[in-house]
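Colleague: here you go, sequence then predicted model.
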Amino acid sequence: MLETVPFIIALAALVAALYWIILRSSSAKIEAQYARLARDLELELEIPAPKLAGFVRNEPAAYGIYRGREISFSVPGKGLQNTRQIETILKIELRDKSLRAQFAPAGIMGSLGHRDSGKKARWQSGDAAIDVRCDAGERLQALLSEESRNWLAQALKKHKAKLYIGAGVIAYTEIGLIGNDAIRERYEGTTEFLCDLAETVEA
């Protein structure tokens, strides 16, 4: 029995070392994408120092002014609604605080994604793929072109994303992290789309 103790200790150390290496590699990829994102959009980059000998690594963040608006890319510290699912959130300043709307993929999971929707009725956008809650449907109809609605429908459905407009912010969320070039480039494109949308709302 005593002879197996060193083997168990060595095995545990090996597993811990492999986990540490994988965690460091994954964090390095995400940090590199945030560094590129911050450089492309001329934002401040924040990379929290690792804790517990590198076994705890909080996600980086990028924030600053882009196209004259405060924007930020961040990851909440806890899983989505007390689950293991992690969201990446892009927030863009909206100076017009009168419009409130929520967009999510259609279906049961999309409906559950509506947060604080209150008594907002579902807006019939004409696309069955998305579930939109808004208390100013006619204004929303005027603000969103057919091209914008198509973009939203594709993004929400394909990437399981959600969009919230209200309280001076446009918040776009996706499940997952910015861990490769394709995802980063998609977020950069989303940033441009949402800045355009903010300008349309304020106009």
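Modeller: Structure's in. What do you need? Just so it is clear, the model here is predicted, and its values are computed rather than measured.
Colleague: give me the helix or strand of the chain that scores worst on average pLDDT.
Modeller: When the helices and strands of the chain are compared on mean pLDDT, DSSP states H and E, strand 122-123 comes out lowest with a mean of 44.
Colleague: thinking residue 103 is in contact with residue 140, fair?
Modeller: No: with contact defined as CB atoms under 8 Å, residue 103 and residue 140 do not form a contacting pair (9.8 Å). All C-beta atoms are positioned from the backbone trio N, CA, C, and that covers glycine.
Colleague: and these two? Which one has more around it.
Modeller: residue 103 (27 against 20; other CB atoms under 10 Å).
Colleague: once you drop chain neighbours, what's closest to the more buried one?
Modeller: Counting by CB to CB, 6 or more residues apart in numbering, residue 163 is the residue found nearest to residue 103 once chain neighbours are left out, at 4.1 Å.
Colleague: how about the contacts made by that neighbour?
Modeller: Residue 163 sits next to 101, 102, 103, 104, 152, 156, 170, 171, 172, 173 when contact means CB atoms under 8 Å, 6 or more residues apart in numbering.
Colleague: what touches both of residue 103 and residue 140?
Modeller: Between them, residue 103 and residue 140 share the neighbouring residues residue 132, with contact defined by CB under 8 Å, 6+ apart.
Colleague: now the strands for this protein?
Modeller: Shown for the chain, the strands assigned by DSSP state E span residues 44-46, 61-66, 69-74, 87-93, 101-105, 122-123, 130-134, 162-166, 169-175.
Colleague: weakest of the ones you listed in terms of mean pLDDT?
Modeller: Comparing mean pLDDT across the strands of the chain, the weakest is strand 122-123, with a mean of 44.
Colleague: let's have the contacts of residue 163 in TSV, adding distance to residue 201.
Modeller: Formatted as TSV, the entries for those read as follows, by distance: CB to CB, whole Å:
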residue	distance to residue 201
101	10
102	15
103	14
104	19
152	14
156	18
170	8
171	14
172	14
173	19
